[in-house]
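Colleague: Below: sequence and its predicted model.
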Amino acid sequence: MSAARAEPHVASAEVRSRWWRQLPSRVWTFWMVELYRIRHDRTELYTRAIQPALWLVIFGETFTRLRAIPTGGLPYLDYMAPGIIAQSGLFIAIFYGIQIIWERDAGVLAKLLATPTPRVALVSGKAFAAGLRAAIQSVIVFALSAMLGVSIDWNPLHLVAAVLVVMVGSAFFSTLSMTIAGVVLSRERLMGIGQALTMPLFFASNALYPVRVMPGWLQALSVVNPLSYEVEALRGILVGTPADLALDALVLVSALAAGVMASSALLARLAR
Amino acid sequence: MSEAAGQAFTERTGEPAVECRGLSHRFGAVQALDGVEFEVEAGEVFGLLGPNGAGKTTTIRVLVTLLRPDRGTVRVFGLDVVRNAMAVRRAIGYVPQQLSADQSLSGYENVWLFARLFDVPRAQLRSRVWEALALMGLEEAARRPVVTYSGGMVRRLELAQALVNRPRLLVLDEPTIGLDPVARASVWERVQELRARTGMTVLLTTHYMDEADRLCDRVALMHRGQVVALDSPVHLKRSVGQGATLDDVFRHYTGSQLEESGSFRDVRSTRRTARRLG
């Protein structure tokens, strides 16, 4: 045993600098896996369409008649449809961490982490898989909205942009979920926290009503709530309300980057 | 196919496949590993034996880069598992204790995922996936969802996932735990066939002494985080006495029955596996 065996030069610095090169490959891989899953079992796609449909039909139709919410001249259904699209993505993504806890319990996570996949790439792959599922779901809600007579801007470029916004926004919420998963380490607790989070996220946003009608403390929450920026962007793109798209994109992308960093740092706890 | 696969798998360099020196690790108050020392030669089937809680799985987790040890070094084909984790991962095919195939995908898709994660070149992707499935006798079932697989088939599918990268070292943690005797036999048959065909190095853990006796070239007996004996099964048995079994050898070195010295903690994951198997 010679103590001074030459260390083959695969320096960790080199490996670290390469995570961004593996990122697109891993994201594509987890996208494909998500598509395979959807192909095997489409029921979730349909059952998850029920809730947004109920929001649009019951809440939307009623509040359109009430005219209680200042929408700036828009029919209320047109105003809320982008909010419901964002919400359906949020509801999918906020429970995505359950999958990673299941994978940890089943030994899948250990196997994934033993592949040459940097943690950042693994988490990003999972996040964009959640984003893809949310984006596909959003197409169903687009169709529902159209059937209910929402005047969506059908410009294909705008639709693509809207799907992208849903994907990035939902990817962020899935990293939030994976971060919580890394802290609580149990499905039951994640379910509880997820339930407790969705309502404040949803109501402390501009999804159903403009921020300016909220009390001050709720407005403050709305400012730091990424869902508000997602909804503002979707509303701007789909129904043409004024929106600071550059700011919205910046907030969503930064939130996603922060979420990826936080959840990949906590992945070690899950793998333990 | 087997020819080409064999050449890619086999590499006899004289360098040990695994070199484990002074490996220690503590989980809170529990000293899980306490100076583990062993070496696995390239091309052999090496067994880590011992009761639950002896440190087998912890050793494996360090070896496959999932756990950073407190002290000591582990090298896989000369590569340090901490400093060169990414390179070590590319050399290893790892099958954890639990049955860990994705039930919502087909067998083919499960193997495809790992081919992608190991950066198998796109041009070879399909053929490599089918090659790994064929090695484990799963071509017929490949397109079926994994939910319809038996326990033994899931285990073979996991082996196919580990093999798609053509690893130099195959690491199997309790590969037959929770399987019925027929499934156990089928898993071992495949591993032996693979080994005969490719000469791949295999490191496995088990607490079935009879299996280790039949399958391993050499075994290391682990007890309370240490390797207490290491040799070929034949030599170990001979050293203890006429007609001794590996169980006798274990008792000789530890003074305890195999069944008595297990801890509660690992039983949990075993139960989980058993439950998943139904």
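Modeller: Received it, and whenever you're ready, just let me know what you need.
Colleague: Next up, identify which helix or strand residue 54 is on.
Modeller: No chain in the question, so chain A it is. Element membership for residue A:54 (DSSP states H and E) is helix A:43-54.
Colleague: Just the buried residues of that helix, please?
Modeller: A:48-49, A:52-53 (16 or more other Cβ atoms under 10 Å in any protein chain shown). Any C-beta I mention is one placed from the backbone N, CA and C, and that applies to glycine too.
Colleague: Between the residues you listed, which sits nearest residue B:61?
Modeller: residue A:48 (37.0 Å; Cβ to Cβ).
Colleague: The residue most central in space within chain B: what secondary structure?
Modeller: Taking Cα atoms, centre = their mean as the criterion, residue B:172 is the residue nearest the geometric centre of chain B, at 1.4 Å. Put simply, residue B:172 is strand when judged by DSSP: H, G, I helix; E, B strand; the rest coil.
Colleague: now the one 5 residues further on
Modeller: Classification of residue B:177 into helix, strand or coil gives coil, according to three-state DSSP.
Colleague: Near chain A, which residues of chain B? Just list them.
Modeller: With Cβ under 8 Å from any Cβ of the partner chain as the criterion, chain B meets chain A at residues B:19, B:61, B:64-67, B:78-80, B:83-87, B:89-90, B:92, B:94-100, B:102, B:104-106, B:109, B:113-114, B:116-119, B:145, B:158, B:161, B:272, B:276.
Colleague: filter these to the buried ones?
Modeller: Looks like those have B:19, B:61, B:64-67, B:78-80, B:83-87, B:89-90, B:92, B:94-100, B:102, B:104-106, B:109, B:113-114, B:116-119, B:145, B:158, B:161, B:272, B:276 buried, using 16+ other Cβ under 10 Å.
Colleague: Those in strands, which ones?
Modeller: B:19, B:79-80, B:92, B:94-95 (DSSP state E).
Colleague: which two from those residues end up farthest apart in space?
Modeller: Every pair of those checked by Cβ to Cβ; the farthest is B:80 and B:95, at 22.8 Å.
Colleague: Look at residue A:182 and say how many residues are nearby.
Modeller: Counted by other Cβ atoms under 10 Å in any protein chain shown, the residues lying close to residue A:182 total 24.
Colleague: how close does it get to residue A:95?
Modeller: Look at residue A:182 and residue A:95: by Cβ to Cβ, to the nearest Å, they are 15 Å apart.
Colleague: Please apply the same query to residue A:169.
Modeller: If you go by Cβ to Cβ, the gap between residue A:169 and residue A:95 works out to 15 Å.
Colleague: Report the contact partners of residue 159.
Modeller: In the absence of a named chain, this looks at chain A. A:142, A:153 (Cβ atoms under 8 Å, 6 or more residues apart in numbering or on different chains).
Colleague: wrong one, I was asking about chain B
Modeller: Residue B:159 touches B:95, B:135-136, B:170, B:172, B:175, B:187, B:190-191, B:194, counting by Cβ under 8 Å, 6+ apart.
Colleague: What segments of chain B are helices?
Modeller: Ranges of helices in chain B, per DSSP state H, are B:2-9, B:56-63, B:85-91, B:107-117, B:125-135, B:151-163, B:181-198, B:209-215, B:233-240, B:246-254, B:264-277.
Colleague: could these go into CSV alongside distance to residue A:149?
Modeller: Formatted as CSV, these follow (distance: least, Cβ to Cβ, whole Å):
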stretch, distance to residue A:149
helix B:2-9, 61
helix B:56-63, 58
helix B:85-91, 54
helix B:107-117, 40
helix B:125-135, 47
helix B:151-163, 50
helix B:181-198, 58
helix B:209-215, 68
helix B:233-240, 77
helix B:246-254, 76
helix B:264-277, 49
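Colleague: Out of those, flag the one nearest residue A:27.
Modeller: Comparing the helices of chain B by Cβ to Cβ, helix B:107-117 comes nearest, at 11.0 Å.
Colleague: quick one: average confidence on that closest one?
Modeller: Taken as a whole, helix B:107-117 has a mean pLDDT of 97.
Colleague: Could you check the angle that helix makes with helix B:151-163?
Modeller: 20 degrees (axes from the mean of the first three to the mean of the last three Cα atoms, to 10 degrees).
Colleague: could you say what helices and strands helix B:107-117 packs with?
Modeller: Applying 3 or more Cβ pairs under 8 Å, 6 or more residues apart in numbering or on different chains; DSSP states H and E, one finds that helix B:107-117 contacts helix A:19-40, helix B:125-135, helix B:151-163.
Colleague: looking at these, which is buried most?
Modeller: Highest mean neighbour count among those (mean count of other Cβ atoms under 10 Å in any protein chain shown): helix B:151-163, with a mean of 25.
Colleague: and that helix, how far out from the chain's middle?
Modeller: Its chain's C-alpha centre and that of helix B:151-163 lie 12 Å apart, by Cα atoms, centre = their mean, to the nearest Å.
Colleague: Kindly format the C-alpha coordinates of that helix as PDB.
Modeller: C-alpha atoms of helix B:151-163 as PDB (Å, rounded to 0.1, in the frame of the first residue of the first chain):
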ATOM      1  CA  GLY B 151     -40.800  -9.000  -6.200                       C
ATOM      2  CA  GLY B 152     -38.100 -11.000  -8.000                       C
ATOM      3  CA  MET B 153     -38.800  -9.200 -11.300                       C
ATOM      4  CA  VAL B 154     -38.500  -5.800  -9.600                       C
ATOM      5  CA  ARG B 155     -35.200  -6.900  -8.100                       C
ATOM      6  CA  ARG B 156     -33.900  -8.000 -11.600                       C
ATOM      7  CA  LEU B 157     -35.200  -4.700 -13.000                       C
ATOM      8  CA  GLU B 158     -33.100  -2.900 -10.500                       C
ATOM      9  CA  LEU B 159     -30.100  -4.900 -11.500                       C
ATOM     10  CA  ALA B 160     -30.800  -3.900 -15.100                       C
ATOM     11  CA  GLN B 161     -30.900  -0.300 -14.000                       C
ATOM     12  CA  ALA B 162     -27.500  -0.700 -12.300                       C
ATOM     13  CA  LEU B 163     -26.100  -2.500 -15.300                       C
END
